[in-house]
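Peer 1: take this sequence and fold it.
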Amino acid sequence: MKRRRFLPLAAVALSGCLGARDESGPRTPPLTPKGGPTPEGGRNLRIVDAVPREGEDGSLVFAVTVENTAASSQRDTLVGIATVQGESGSTEYEARRQVSLDGNTEAEFDLVFDVAYEQWAGNGGISYGWQGQL
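Peer 2: Prediction:
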């Protein structure tokens, strides 16, 4: 008798779990055909990685890796703003670089700032992106 009472309760409990799966496909479907993030601002050029380093002349260099997710060649302008905190406030340094990539390729581009790496390191920050986004 106890089994007969348990079976209807189990069916009700399981139906709630199965009901959540009525939708087809994954809960978070891929955003692009490759499953990666949507290109920034509808652009086919995507910033993959960015690393600050010291240039040969001691200047601040920001190495930005860019990927072209389109089949055709794409162009855009990378913009970086380095901020250095000093005793009298903060100073901003801007660097721009025109980027052109063939379809489905990836490359690294340097943004070179007119400030010494040593002056920036530990006292500053960098914001970067595509022209019109900063």
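Peer 1: wait, what's in contact with residue 74?
Peer 2: Counting by C-beta atoms under 8 Å, 6 or more residues apart in numbering, residue 74 touches 43, 44, 45, 68, 100, 101, 103. Every residue, glycine included, has its C-beta placed from N, CA and C.
Peer 1: state the distance from it to residue 61.
Peer 2: With the distance defined as C-beta to C-beta, to the nearest Å, residue 74 ends up 23 Å from residue 61.
Peer 1: one step back: and the contacts of residue 74, which is closest to residue 129?
Peer 2: Nearest to residue 129 among the contacts of residue 74: residue 43, at 10.1 Å, using C-beta to C-beta.
Peer 1: wouldn't the closest one be in contact with residue 129 here?
Peer 2: No: using C-beta atoms under 8 Å, residue 43 makes no contact with residue 129, being 10.1 Å away.
Peer 1: host element of residue 118?
Peer 2: Element membership for residue 118 (DSSP states H and E) is helix 117-120.
Peer 1: contacting residues for the closest residue to residue 120 other than its chain neighbours?
Peer 2: Nearest residue to residue 120 in three dimensions, chain neighbours excluded: residue 60, at 4.7 Å (C-beta to C-beta, 6 or more residues apart in numbering). Residues near residue 60 by C-beta under 8 Å, 6+ apart: 52, 54, 82, 93, 112, 113, 115, 116, 117, 120.
Peer 1: recalculate using a threshold of 10 Å.
Peer 2: Counting by C-beta atoms under 10 Å, 6 or more residues apart in numbering, residue 60 touches 52-54, 80, 82, 84, 93, 95, 111-121, 124, 126.
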